[in-house]
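K.L.:
Show me the folded form of this:
(chains A and B)
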There are 2 protein chains.
Amino acid sequence: MITRRSFLSLAGASALASLPRRSGAAFTQSTPSIDAARLRHRLERLSYHGRTGMSFADGVNRVAYSVPDLTARAWIIDEIKGMDVVPRIDAAGNIFARFGGQPNQPAILFGSHIDSVPTGGNFDGDLGVMSAFEVIQAVQAAKIQTRHPLEMVVWAHEESTAFGIGTAASRIVAGDLQAGDMDRVWNGMKRSDAIRRIAGNPDQIETGVKAKGTWHSYVELHIEQGGTLDKAKIPIGIVEGIVAIHRYDVVIEGQVNHAGTTPMNERHDAMVAAAQLTLAVREIASRRQGRQVGTVGRIEIEPNSPNVIPGRAMLSVEFRDLSEQVLRELGDAVKARGAEIARDTGTTITFTLASTNVPAMASSGVQDAIGRAAAAVKLTTMKLPSGAGHDAQQIARLCPMGMIFVPSVGGISHSPKELTTWEDCANGANVLLRTVLELDQRDSL
Amino acid sequence: MITRRSFLSLAGASALASLPRRSGAAFTQSTPSIDAARLRHRLERLSYHGRTGMSFADGVNRVAYSVPDLTARAWIIDEIKGMDVVPRIDAAGNIFARFGGQPNQPAILFGSHIDSVPTGGNFDGDLGVMSAFEVIQAVQAAKIQTRHPLEMVVWAHEESTAFGIGTAASRIVAGDLQAGDMDRVWNGMKRSDAIRRIAGNPDQIETGVKAKGTWHSYVELHIEQGGTLDKAKIPIGIVEGIVAIHRYDVVIEGQVNHAGTTPMNERHDAMVAAAQLTLAVREIASRRQGRQVGTVGRIEIEPNSPNVIPGRAMLSVEFRDLSEQVLRELGDAVKARGAEIARDTGTTITFTLASTNVPAMASSGVQDAIGRAAAAVKLTTMKLPSGAGHDAQQIARLCPMGMIFVPSVGGISHSPKELTTWEDCANGANVLLRTVLELDQRDSL
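P.N.:
Numbering: from 1, shown residues only, chains lettered A, B, ... in the order given. The predicted structure is shown next:
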């Protein structure tokens, strides 16, 4: 049973501050809270599925559709059943479990994913899923009856390792389905077979698509994967949105020639042009205010022999920012510099916009709820964009979305060295819990 | 029978100029000369072996030890037999054929190679070998009896395509033999088997080594492969020497990280450091007077994914110059810049001197002979280094060496577009012929 007093406590630090000290103390005691030891225990148990060594610190290889992914999912389904709820697996293989609420209300959705990159850590995705259990259990322990059903979700396939598609399973839920999607082959496995492996239904994949308004809201707790919070020593990040990505494939055509016989001033060296372009990308991404980033992450040159002047270079140029306008400006700037570099080096440089992602803005209502939730547990916050893609990006198409970030030590992710302290994990789970209860008070966002 | 008049004519333009006009005209008529049409015909016939299309202009793929290499060698051996000489094949598979001369005199050696890179042209190496036939035939046609035997050679394997070893066959003749050399494997073929394929004797490979002084001198006619002569419109290049090469393997260790979540100023991007180093190599090689060159021809980055900041880059840095002192200074300069780049980018950069070649200086006596030969046929000359490696580089260890260069149109080589005009081919062959006869007059160089 949720009381007026516990509601008040969720209204944040300012509301608490206006109350008499003694009452404030009493509220704190009665407020639902996650169990930090149980959260840690679950993260450690999950890590057995795909652990790459004896220790938790050895990291995990739990690529979507792999055996460790299957066994981890089976364990999660057992955990859900242990809470007297039968989970539902949709056509894409996503696991949903719904608790309480009034039947005429849309559910508040929260969760994340448990698949990893091949040399991953134990926090990316995992923290959001294991904390979802805590939210349910804390609400149940406090005997709170929420107006909206609380629904936890385990997105079946987030990392782009499998089939080269990121947020693949939430993408289906958001209605992003193309003909032939199920026929893609990766590692000798057809995507339809992969989805069948996790009890999905590829033959009726369209039944996985959800309508706009299916959910009241979606909140995802995730590690930052960057170093901003860790550096600023701030425990809670409120995500403003998930950046858009503009990725260019760049081809530089120079002239292959003998590295011994061709004087320096007669070269059309594709590698030299690629080097200039790489530095231009960095300079263009760095020189303006803001959090935009630019990366040359891939390069291949031909013939790639020490004694031959490279005649051809192919590289990727990727820009990320919350603003598509900024991305267009960055792209225009690098293309203009590319034209200068081509002229200076006697090469031709071709830019192809290979892929674009629209930005997904977090709902201001959900951002506010996170802010109040953090304030209620006296945790400082900072707003920041998510430079990485997340399932939340897809679900933002269906309902108001928000994300809670907790610090990644040293900003390291997608690595066995990925680390978020147990304290920060618990803080994040508590803020998730209180955000969900904050959202439950709102009919619309 | 060589006459005093023909000797005089070989003494060059200045000697000719001092003679009465009529006599000069008479000398020109009696002077031995190559047959330009026959030279062209032989180059075209040779091109059938490994031609990659219907036309001569499609270039050639005649990698050492391949079927086209074997059939071309068989044809050459037939051509030599047609001149009533039985060629000798040494342990390395080099083909030698000796004509005339006094038995107590060391031979004057000349020739080149017929193996090509996989997408090669019809002049690199081929011109020197086909012109060697012309020298012999012109001397025979003019009934000149030389003091020194004239010996043509077809080096069995010059391009570094096969087994990754350049000038591999002349290297053996020069005594550069290491334990295990014959056991190297390339394309599933053991080097000993490859050499056996071309009638060499890998089991007694050491019998291929020749002592210093075996030959009187060595001259090689070759296309320049660079654009210096073509640009200067000078038909004959006199090679001063073959440059030394210092090649470094460079490893840059940065920090692999998420390209979306890592702010620009917190990156340790190995690709950015590699780009800076590439431009430093170009600047360092370009800023001083001289013909030194510097190239980054190879790069590999890890993990080489558009959405990951490269954590590691491996690249080659190669400098070439006639002076080892200059090479050391270039290497020191790039290492100093590397240390600055490492500091600026938060990476570590390690340089390993992976291979060095000593420079091979052309004998001033042979250079003078080429100069007189060119002057005798009224061709302008320029002195220049060879930026490419050649068999002459190896044979320079055994006897005085010289090289004649003819222009490569546009400086293009190791390409089907490689082109030397028929006129320049004929000029080169005539200068080779006259150089050999010039050298025949000298007991020592």
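
K.L.:
Need the per-residue pLDDT for the residue of the stretch 101-250 of chain A found nearest chain B.
P.N.:
Per Cβ to the nearest Cβ, residue A:226 is where the stretch 101-250 of chain A lies closest to chain B, at 3.2 Å. No exception for glycine: its C-beta is placed from N, CA and C like everyone else's. In this model, residue A:226 is scored at 91, pLDDT.

K.L.:
Check residue A:261 too.
P.N.:
pLDDT for residue A:261: 89.

K.L.:
Now for it, how many residues are close by?
P.N.:
Neighbour count for residue A:261, taken as other Cβ atoms under 10 Å in any protein chain shown: 28.

K.L.:
Which phi and psi values does the nearest residue to it once chain neighbours are set aside adopt?
P.N.:
Residue nearest to residue A:261 in three dimensions, not counting chain neighbours: residue B:226, with 3.2 Å by Cβ to Cβ, 6 or more residues apart in numbering or on different chains. For residue B:226, the backbone dihedrals (degrees, to the nearest 10) come out as phi -120, psi -180.

K.L.:
Residue B:226 and residue A:329: what is the separation?
P.N.:
Taking Cβ to Cβ, to the nearest Å as the measure, residue B:226 falls 43 Å from residue A:329.

K.L.:
three-state assignment of the closest residue to residue A:111 other than its chain neighbours?
P.N.:
Nearest residue to residue A:111 in three dimensions, chain neighbours excluded: residue A:153, at 3.6 Å (Cβ to Cβ, 6+ apart). Here residue A:153 is recorded as strand under DSSP: H, G, I helix; E, B strand; the rest coil.

K.L.:
Tell me what residue A:153 is bridged to.
P.N.:
In this entry, residue A:153 is beta-bridged to residue A:96, residue A:111, by DSSP bridges.

K.L.:
pretty sure it is touching residue A:98, no?
P.N.:
No: the pair residue A:153 / residue A:98 is not scored as a contact, 9.8 Å apart, by Cβ atoms under 8 Å.

K.L.:
Neighbour count for those two, which is higher?
P.N.:
residue A:153 (30 against 17).

K.L.:
and that one, what does it touch?
P.N.:
A:94-97, A:109-111, A:132 (Cβ atoms under 8 Å, 6 or more residues apart in numbering or on different chains).

K.L.:
go again using 10 Å as the cut-off
P.N.:
A:87-88, A:90, A:94-98, A:107, A:109-113, A:128-129, A:132, A:169-170, A:173, A:215, A:218, A:220, A:391, A:395 (Cβ atoms under 10 Å, 6 or more residues apart in numbering or on different chains).

K.L.:
If I look at it, what pLDDT would I see?
P.N.:
pLDDT for residue A:153: 98.

K.L.:
Quick check: the gap between it and residue A:386.
P.N.:
Residue A:153 sits 18 Å away from residue A:386, going by Cβ to Cβ.

K.L.:
re earlier: common neighbours of residue A:153 and residue A:98, please.
P.N.:
Residues touching both residue A:153 and residue A:98 by Cβ under 10 Å, 6+ apart: A:87-88, A:107, A:109.

K.L.:
which residues in the stretch 251-400 of chain A form strands?
P.N.:
For the stretch 251-400 of chain A, the strands defined by DSSP state E, counting those that start in this stretch cover A:257-258, A:293-295, A:299-302, A:308-309, A:312-321, A:348-357, A:360-361, A:381-386.

K.L.:
which helices and strands does the fourth one pack with?
P.N.:
Going back to what we said before, that points to strand A:308-309. In terms of contacts (3 or more Cβ pairs under 10 Å, 6 or more residues apart in numbering or on different chains; DSSP states H and E), strand A:308-309 is packed against strand A:257-258, helix A:270-287, strand B:293-295.

K.L.:
do the same with the third one
P.N.:
Taking 3+ Cβ pairs under 10 Å, 6+ apart as contact, the helices and strands that strand A:299-302 lies on are strand A:244-253, helix A:270-287, strand A:312-321, helix B:270-287, strand B:299-302.

K.L.:
can you redo these as CSV with distance to residue B:340, mean pLDDT and mean neighbour count?
P.N.:
As requested, the helices and strands packed on strand A:299-302 are arranged in CSV below (distance: least, Cβ to Cβ, whole Å; pLDDT from 0 to 100; neighbours: other Cβ atoms under 10 Å in any protein chain shown):
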stretch, distance to residue B:340, mean pLDDT, mean neighbour count
strand A:244-253, 26, 96, 21
helix A:270-287, 15, 98, 24
strand A:312-321, 24, 97, 24
helix B:270-287, 9, 98, 24
strand B:299-302, 20, 95, 20
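
K.L.:
Tell me which of these approaches residue A:55 most closely.
P.N.:
Checking the helices and strands packed on strand A:299-302 against residue A:55 by Cβ to Cβ gives strand B:299-302 as the closest, at 24.9 Å.
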